[in-house]
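Q: Build me a structure from this.
(one chain, ligands or ions: 2)
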Amino acid sequence: MKTIFSPLHAGHAGQMELISGGLVPGFEKPSRAEYIRARVEAEKLGPILPPAEHDIAAARRVHAADYIDFLPTVWPEWEKAGRSGSAFGFTWPTRGLRADVRPKTIDALLGYYSFDAGASFVAGTWTAIKSSFDVALTAAGLVKDGERAAFALCRPPGHHAGAAFMGGYCFINNAAVAAQFFRDRGAAKVSILDVDYHHGNGTQEIFYARADVQVLNLHGDPMTEYPFFLGHADEKGSGDGEGFNVNYPMPFGTAWDGWSASLEDACARLEAYRPDVVVVSLGVDTFEKDPISQFKLKSEDYPKIGRRIAKLGLPTLFVMEGGYAVEEIGINAVGVLTGFEQ
Ligand code: SP5
Ligand code: ZN
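A: Ligands and ions are numbered 1, 2, ... in the order given. Next up, the predicted model:
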């Protein structure tokens, strides 16, 4: 299968992250994408192609226009305020505060448009976000034009980004943009299968009231794992979307046996839904050596994920999400893809 990749991701570098009581270099770093790209080459998965530039209007199909317009302004406004370092918020409109009034300063807006301090900006961040969006849409275009599958090697990732907020290393929800692209180009139904260790809260929020995009999510139980405030089993969709959101929260320590039982159930529901196309939010932070996660999948398990997805027999777009054990991230992510092609 073809891989779409942009070197522009590399400008999103050196951003800091608040974790376990300290400000540390972000786990979501450029070497992640480079290890994956190198493994795509080593395994001869197929050609690696650059993205075509796409109109940002496609992002407004799933995100609020004011949120999308805000993103390119962050770093310039931050510099205008005399700042350096990493731009992120520190005040959030939680229960009891006003989220209906849009504030005016960069500090306030960063809080207004985020749910955590995990999506911070440096000088090259907007260019990287835009390139990641272009990567997703270019790969989606290949699948729309008849390729069995394509790999969008997106960085930064997207599944924590909601209609009007960033967080969890995510800014534009690449998988959601791609799913909407398929809908807008004639697909009647799309399924998103999110196998990242963390719940894809942004993807769930975007499609929660819709029956035309089924969202299946396998992840660490939010009672004890980030993003904490969404991803429980009783979240099944609302209104027209009732029954089209399915969550599989799993406890710390979950290994292949437990995890693959959830995958099996998700695949059965996906088959029953009969979508025209599948978007896989491909995170490999389920790996036993992941530095911020608590599942126990082994490298030998990833090709099995790919084989199960291939058995669905549907056009499939893989969109890169998380995975922070950088030495093995290429082996694991590309393992899914080679498993798919076997
Ligand atoms: C796309 C994606 O995978 N985003 C993940 C964002 C996770 N951010 C919060 C991580 C908190 C980890 N806490 C465990 C500390 C272990 N030392
Ligand atoms: Zn994750």
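Q: Just confirm Val246 is within a helix.
A: No - counting by DSSP: H, G, I helix; E, B strand; the rest coil, Val246 is not part of a helix but strand.
Q: Give me the pLDDT for it.
A: Listed pLDDT for Val246 reads 99.
Q: which residue sits closest to Ala10 in space, ignoring its chain neighbours?
A: Closest residue to Ala10 apart from its sequence neighbours, by C-beta to C-beta, 6 or more residues apart in numbering: Pro30 at 4.7 Å. Using the backbone N, CA and C atoms, a C-beta is placed for each residue, glycine as well.
Q: count of residues packed around that neighbour?
A: 19 (other C-beta atoms under 10 Å).
Q: Pick out the residue of the stretch 201-342 of the chain closest to ligand 1.
A: Gly322 (2.4 Å; C-beta to the nearest ligand atom).
Q: what sits against the nearest residue to that residue once chain neighbours are set aside?
A: With sequence-adjacent residues excluded and distances taken as C-beta to C-beta, 6+ apart, Gly322 is closest to Gly283, at 3.8 Å. By C-beta atoms under 8 Å, 6 or more residues apart in numbering, the contact set of Gly283 is 157, 159, 194-198, 320-323.
Q: would TSV of those residues with neighbour count be doable?
A: Listed next are those as TSV, based on neighbours: other C-beta atoms under 10 Å:
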residue	neighbour count
Pro157	31
His159	31
Asp194	28
Val195	27
Asp196	28
Tyr197	27
His198	27
Met320	32
Glu321	31
Gly322	27
Gly323	27
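Q: Give me the neighbour count for Glu300.
A: Per other C-beta under 10 Å, the neighbour tally for Glu300 reads 10.
Q: Distance check, it against Glu341.
A: In this view, Glu300 and Glu341 are 17 Å apart by C-beta to C-beta, to the nearest Å.
Q: Could you do Ala117 as well?
A: 39 Å.
Q: So which residues of the protein form helices?
A: Assigned by DSSP state H, the chain shows helices spanning 30-42, 57-60, 65-70, 74-80, 106-112, 125-144, 174-184, 201-207, 256-273, 302-310, 326-341.
Q: Quickly check: the first one near ligand 2 or not.
A: No - where contact is defined by C-beta under 5 Å from the ion, no part of helix 30-42 touches ligand 2; the two come within 11.6 Å at best.
Q: That helix packs against which elements?
A: When contacts are defined as 3 or more C-beta pairs under 8 Å, 6 or more residues apart in numbering; DSSP states H and E, helix 30-42 packs onto strand 48-49, helix 326-341.
Q: Rebuild these as a markdown table, extending it with mean neighbour count, mean pLDDT and distance to ligand 1.
A: What follows is the helices and strands packed on helix 30-42, written out as a markdown table (neighbours: other C-beta atoms under 10 Å; pLDDT from 0 to 100; distance: least, C-beta to the nearest ligand atom, whole Å):
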| stretch | mean neighbour count | mean pLDDT | distance to ligand 1 |
| --- | --- | --- | --- |
| strand 48-49 | 15 | 98 | 22 |
| helix 326-341 | 21 | 98 | 11 |
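Q: Nearest to Thr138, out of the ones you listed?
A: strand 48-49 (7.6 Å; C-beta to C-beta).
Q: Contacts for the closest one, please.
A: 2-5, 37, 40-41, 138, 153.
Q: partners of that strand, with directions?
A: Note on strand 48-49: by DSSP bridges, its sheet partners are strand 2-4 (parallel).
Q: Quick check on the residue of the stretch 51-200 of the chain found nearest ligand 2: phi, psi?
A: Closest to ligand 2 within the stretch 51-200 of the chain is His198: 3.5 Å, counting by C-beta to the ion. His198 adopts backbone torsions of phi -90, psi 150, taken as degrees, to the nearest 10.
Q: wait, isn't it in contact with Glu225?
A: Yes - shown here, His198 and Glu225 form a contact pair, counting by C-beta atoms under 8 Å, at 7.1 Å.
Q: anything in contact with each of those two?
A: Counting by C-beta under 8 Å, 6+ apart, the common neighbours of His198 and Glu225 are His219.
Q: picking up where we left off before, closest to ligand 2 out of the contacts of strand 48-49?
A: The closest of the contacts of strand 48-49, once distances to ligand 2 are taken by C-beta to the ion, is Leu153, at 16.0 Å.
Q: residues in contact with that closest one?
A: 3-5, 33, 36-37, 40, 48, 135, 320.
Q: Likewise for Gly243?
A: Shown in contact with Gly243 (C-beta under 8 Å, 6+ apart): 236-237.
Q: For it, report the pLDDT, please.
A: pLDDT, Gly243: 98.
Q: What distance do you get for it to Val215?
A: The gap separating Gly243 from Val215 is 11 Å, by C-beta to C-beta.
Q: right, and Phe70 touches Tyr113 too?
A: Yes - Phe70 is in contact with Tyr113 according to C-beta under 8 Å; the separation is 5.6 Å.
Q: What's the separation between Gly158 and Leu23?
A: On the measure of C-beta to C-beta, Gly158 and Leu23 end up 24 Å apart.
Q: Could you do Pro72 as well?
A: Using C-beta to C-beta, Pro72 is found at 25 Å from Leu23.
Q: Residues of the stretch 101-250 of the chain that sit close to ligand 1?
A: 118, 157, 160, 168-170, 196, 198, 226 (C-beta under 6 Å from any ligand atom).
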